[in-house]
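Q: Predicted model, plus sequence, below.
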Amino acid sequence: MVLRIGNASGFYGDRFDAVREMLTGGGPDGPLDVLTGDYLAELTMLILGRDLLKDPDAGYAKTFLRQMEEGLGLAHERGVRIVTNAGGLNPAGLAEALRALADRLGIPVRIGHVEGDRLPPEDGTLTANAYLGGAGIAACLAAGADVVVTGRVTDAALVTGPAQWHFGWAPDAYDRLAGAVVAGHVLECGTQATGGNYAFFTEHDPKALRRPGFPLAEIHADGTCVITKHPGTGGVVDLGTVTAQLLYETSGARYAGPDVTARLDTVRLTQEGPDRVRIDGVRGEAPPPTLKAGLTRIGGFRNEVVLVLTGLDIEAKAQLVKDQIEDAFERSASRPADVRWELARTDRPDATTEETASALLRLVVRDPAPEPVGRALSGAAIELALASYPGFHVTAPPGKGAPYGVFEARHVPAADVPHTAVLPDGSRVPVPVPAHTRELEPVDAPPLPAPLPDGPTRRAPLGRVAGARSGDKGGDANIGVWVRTDEAWRWLVHTLTVEKVGRLLPETAGLDVVRHVLPNLRAVNFVVTGLLGDGVASQARFDPQAKALGEWLRARELDVPEELL
């Protein structure tokens, strides 16, 4: 008996018509059993928190409600259950809005929701939420819910919950639950599993990549699964696209969650056929006694201006305008507390267009108060329009400044979080904490293969041999790097050390970098602590979510054995 779970959203703002596409594209293998939608990210919680301040009935992903104008009827006709974390900070509010929509449309659907993730507020926090598991979702489905709305659950819980319900797994069926966690992790970011944002995209049919289809998992009672997509949709599902997503926003071999700790070092991938990748071998362990929690708050106010420097003497032009603006700040009564400059040498010598003859000088200012990042910056920058370097202009005039957010991760005892399933009939069922837990600890370092024998090498970008995918977890970044042959693995694991990454990515200098080795995936995963400051909402870095960090690493050159090229 196979449970077919599809995903139609990887973030708040993902492709709107994906719900319809997933509900109507069942093909010869039959329709879906469950359709999930992941709408929450660290930045999304901050956005929903600000929405809730303006309207106490808000706080959920309004896009999902609009998608259900058509999706509720399609799901009802096809017998597909819907599970989503679009409830955000107000799952009860979204559940009530869905009931009103269903009544208006005349669709007899039963709706449950999960709550309890919101933590007691602290001074200065905008949102505080624990990451719940899938047991509350399973309880709602077991009570007959056609739609289950949650707040902050783990992304994988959208899959573990339906799998627990469908197969009747006990809470200590760790290997099976871990298999569902891995399937959920592959599905959670939508088209990233079907060729989106993929390092080796040039090897795939460009037409197929124009509009990748969303992924689905065929989950079996033993916890194994096959990752695939609806027939006729775009994109690709192969060992590389699944490996890339498995490495996304993870760290070590133990991938902890509220239901189970999945051992990523046990995952086995097999290409079963076109657009079909089997995942098996996954082992699980008891979950930790604590839950991850995310807190957001307004960190202050920020503004930026990008100055364009064209032609000759780029460095001198940059220094002149920096000195002028710094001087204006010093004479101002409200100098920003934090001033950062970055010169991007996008210019080329003897350029044939003005744009390619130009470099960009980016100025970012932050302050606890709005005034220093508003008038102080706009006055200092714009008043120089006729008094600075030749060719002075900016990409856009600075505005008034805007608030920025700060994300903080911490852990709270699971027993302190009132995980509650609110069933379709309104009854409230407390979800018990796991009876058995296990403290997280690093795994022993795995044995490494013998290095490649010495031979001729050639200077080449790392990306000619290796793929990468990177992302953010709060203020930290991860870079997962993998290769596709045993010979390349023997070279990579001995070459791409923490020290080597520090030399290839100088921006990581002085930061704590840890390498995790995953031989089954032929992958190494680097976690860079503190690279992103206070998280994506603080916009402390040019690439605030580290999305392109892996591509920068792939572009860096080193000595590569010729046999691998």
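A: Yes, it's here.
Q: Would you map the helices across the stretch 451-565 of the chain?
A: All helices of the stretch 451-565 of the chain, identified by DSSP state H, counting those that start in this stretch, fall at 486-495, 498-504, 549-555.
Q: cool, and the chain?
A: Secondary structure of the chain by DSSP state H: the helices cover 18-24, 42-54, 62-78, 91-105, 135-142, 157-167, 174-187, 206-209, 239-246, 314-331, 371-382, 486-495, 498-504, 549-555.
Q: Figure out which of those is closest to Pro403.
A: Of all the helices of the chain, it is helix 42-54 that lies closest to Pro403, at 8.3 Å by Cβ to Cβ. In this view, the C-beta of every residue, glycine as well, is placed from N, C-alpha and C.
Q: by how many degrees do that closest one and helix 91-105 diverge?
A: Taking axes from the mean of the first three to the mean of the last three Cα atoms, to 10 degrees, one finds helix 42-54 and helix 91-105 inclined to each other by 80 degrees.
Q: quick one: buried residues of helix 42-54?
A: The neighbour-count check on helix 42-54 (16 or more other Cβ atoms under 10 Å) flags 42-52 as buried.
Q: which one of those sits closest to Ile382?
A: Closest to Ile382, out of all of the buried residues of helix 42-54 and judged by Cβ to Cβ, is Arg50, at 28.8 Å.
Q: measure the spatially closest residue to the closest one that is not a sequence neighbour to Gly37 for me?
A: Leaving aside its chain neighbours, Arg50 sits nearest to Leu126 (7.1 Å; criterion: Cβ to Cβ, 6 or more residues apart in numbering). To Gly37, Leu126 is 24 Å away according to Cβ to Cβ, to the nearest Å.
Q: Hmm, Glu188 is touching Leu158, no?
A: Yes - with contact defined as Cβ atoms under 8 Å, Glu188 reaches Leu158; the gap is 7.4 Å.
Q: Can you name the residues that contact Lys292?
A: 130-131, 154, 256, 409-411 (Cβ atoms under 8 Å, 6 or more residues apart in numbering).
Q: Now with 7 Å, please.
A: Contacts for Lys292 (Cβ atoms under 7 Å, 6 or more residues apart in numbering) come out as 131, 409, 411.
Q: cool, and Thr160?
A: Here Thr160 is in contact with 133-134, 177, 180-181, 184, 259 (criterion: Cβ under 7 Å, 6+ apart).
Q: Dump the buried residues of helix 42-54 to TSV, plus distance to Thr310.
A: Output for these, formatted as TSV (distance: Cβ to Cβ, whole Å):
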residue	distance to Thr310
Glu42	38
Leu43	34
Thr44	39
Met45	41
Leu46	37
Ile47	37
Leu48	42
Gly49	42
Arg50	39
Asp51	42
Leu52	46
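Q: Closest to Pro91 out of the residues you listed?
A: Leu48 (11.3 Å).
Q: Model confidence for that closest one, exactly?
A: Leu48 is assigned a predicted lDDT (pLDDT) of 95.
Q: Gly30 too?
A: 61.
Q: now do the one 4 residues further on
A: In the prediction, the pLDDT value recorded for Val34 is 98.
Q: Same question for the one 3 residues further on.
A: We note a pLDDT of 98 for Gly37 in this prediction.
Q: wait, it sits on Phe11?
A: No - assessed by Cβ atoms under 7 Å, Gly37 is found out of contact with Phe11, at 10.0 Å.
Q: Among those two, which residue is more densely surrounded?
A: Gly37 (28 against 15; other Cβ atoms under 10 Å).
Q: who touches the closest residue in space to Tyr60 that isn't next to it in sequence in this structure?
A: Nearest non-adjacent residue to Tyr60, counting by Cβ to Cβ, 6+ apart: Leu94, 4.0 Å away. For Leu94, the contact set (Cβ under 7 Å, 6+ apart) comprises 60, 65, 86-87, 149.
Q: ok, Leu94 to Ala402 distance?
A: Distance from Leu94 to Ala402, by Cβ to Cβ: 27 Å.
Q: now Leu521: how far from Trp489?
A: Noted for Leu521: a distance of 9 Å to Trp489, by Cβ to Cβ.
Q: same deal with Ala193?
A: Taking Cβ to Cβ, one finds Ala193 at 22 Å from Trp489.
Q: And Arg268, by the same measure?
A: For Arg268 relative to Trp489 (Cβ to Cβ), the value is 15 Å.
Q: These two: which has the busier surroundings?
A: Using other Cβ under 10 Å as the criterion, Arg268 and Trp489 rank with Trp489 on top: 21 against 12.
Q: and stretch 323-331, which residues are buried?
A: 324-325, 328-329.
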